[in-house]
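Trainee: Next one to model:
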Amino acid sequence: MDVDSIFHRTYPRLFRYLHRLTGSPDTADDLAQESFVRLVSRPPPDADVQPWLFRVATNLFLDGARAAGRHRRLLASAPLDPPAPPLPDEAVEHAERVRRVRAALERIPERDRAILLMRAEGFRYEEIAHAVDVAPSSIGPLLARAVRRFVTVYSRPEGGNDDASE
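Mentor: Coordinates of the predicted model:
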């Protein structure tokens, strides 16, 4: 099969057909190219390639239209309203809280920081224990101690005594 000659002979007609079908030259070009890719990868058993290419292109278009319809129905059933951007003062307050939390985390022992952050990410006690190389039964007390240290450091004015190892 001489794909080169089939392409030069069929592509212009296939593209025009798909452009009329889709209304978009970009989509038409994509579908035509995909049809030829399928011709090369899975050639039809019979010798009449042109109708096969048009059928493949039409099926690709219909598959895309069905998928787009499902997507539209899904969005219509549960529309996503973007959240309103925070007010400027809320954004400043949030940024300040994040900065204070990060500063407090940096002032507590490294293992406490790791335990708190892993727990905040949803790790189970066993996973945390494995990561910090302690017995799973000791994670509860270690976590409670890490929370107390964090709260102490967070509530203390910055620049105060940094001894959080109590």
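
Trainee: Packing partners of the lowest-mean-pLDDT helix or strand in the chain?
Mentor: None of the helices or strands of the chain scores lower by mean pLDDT, DSSP states H and E than helix 49-77, at a mean of 87. Here helix 49-77 touches helix 3-22, helix 25-41, going by 3 or more CB pairs under 8 Å, 6 or more residues apart in numbering; DSSP states H and E. Where C-beta positions appear, they are placed from N, C-alpha and C, glycine not excepted.

Trainee: In JSON lines, list the ones you listed along with distance to Ala114.
Mentor: Formatted as JSON lines, those follow (distance: least, CB to CB, whole Å):
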{"stretch": "helix 3-22", "distance to Ala114": "54"}
{"stretch": "helix 25-41", "distance to Ala114": "48"}
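
Trainee: Tell me which of those lies nearest to Gly69.
Mentor: Minimum separation from Gly69 across those (CB to CB) falls at helix 3-22, 14.5 Å.

Trainee: Show me what the closest one packs onto, helices and strands only.
Mentor: helix 25-41, helix 49-77.

Trainee: Look up how far Arg156 lies from Pro82.
Mentor: Distance from Pro82 to Arg156, counting by CB to CB, to the nearest Å: 38 Å.

Trainee: Quick check on these two: which one has the bigger neighbour count.
Mentor: Here Pro82 and Arg156 are compared on neighbour count by other CB atoms under 10 Å; more neighbours surround Arg156, at 14 against 5.

Trainee: Could you grab the helix/strand/coil label for the spatially most central residue of the chain?
Mentor: Ranked by distance to the mean C-alpha position of the chain (CA atoms, centre = their mean), the top residue is Leu80 at 16.1 Å. Recorded secondary structure, Leu80: coil (DSSP: H, G, I helix; E, B strand; the rest coil).

Trainee: Quick check: pLDDT value at it.
Mentor: According to the prediction, Leu80 has pLDDT 71.

Trainee: what about it, distance to Glu90?
Mentor: Leu80 is 22 Å from Glu90, by CB to CB.

Trainee: before we move on, what about Arg99?
Mentor: From Arg99 over to Glu90 (counting by CB to CB), the distance is 15 Å.

Trainee: how about low-confidence regions in the protein?
Mentor: Filtered on pLDDT under 70, the chain yields the residue ranges 47, 79, 158-166.

Trainee: hey, C-alpha coordinates of the host helix or strand of Arg113 in CSV?
Mentor: Taking DSSP states H and E as the definition, Arg113 sits inside helix 110-120. Output in CSV follows, covering the C-alpha atoms of helix 110-120 (Å, rounded to 0.1, in the frame of the first residue of the first chain):
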residue,chain,number,x,y,z
GLU,A,110,13.1,18.4,63.1
ARG,A,111,11.4,15.1,64.1
ASP,A,112,8.4,17.0,65.6
ARG,A,113,8.1,19.0,62.4
ALA,A,114,8.2,15.8,60.3
ILE,A,115,5.6,14.1,62.4
LEU,A,116,3.2,17.1,62.3
LEU,A,117,3.6,17.6,58.6
MET,A,118,3.1,13.9,57.8
ARG,A,119,0.0,13.8,60.0
ALA,A,120,-1.4,16.9,58.3
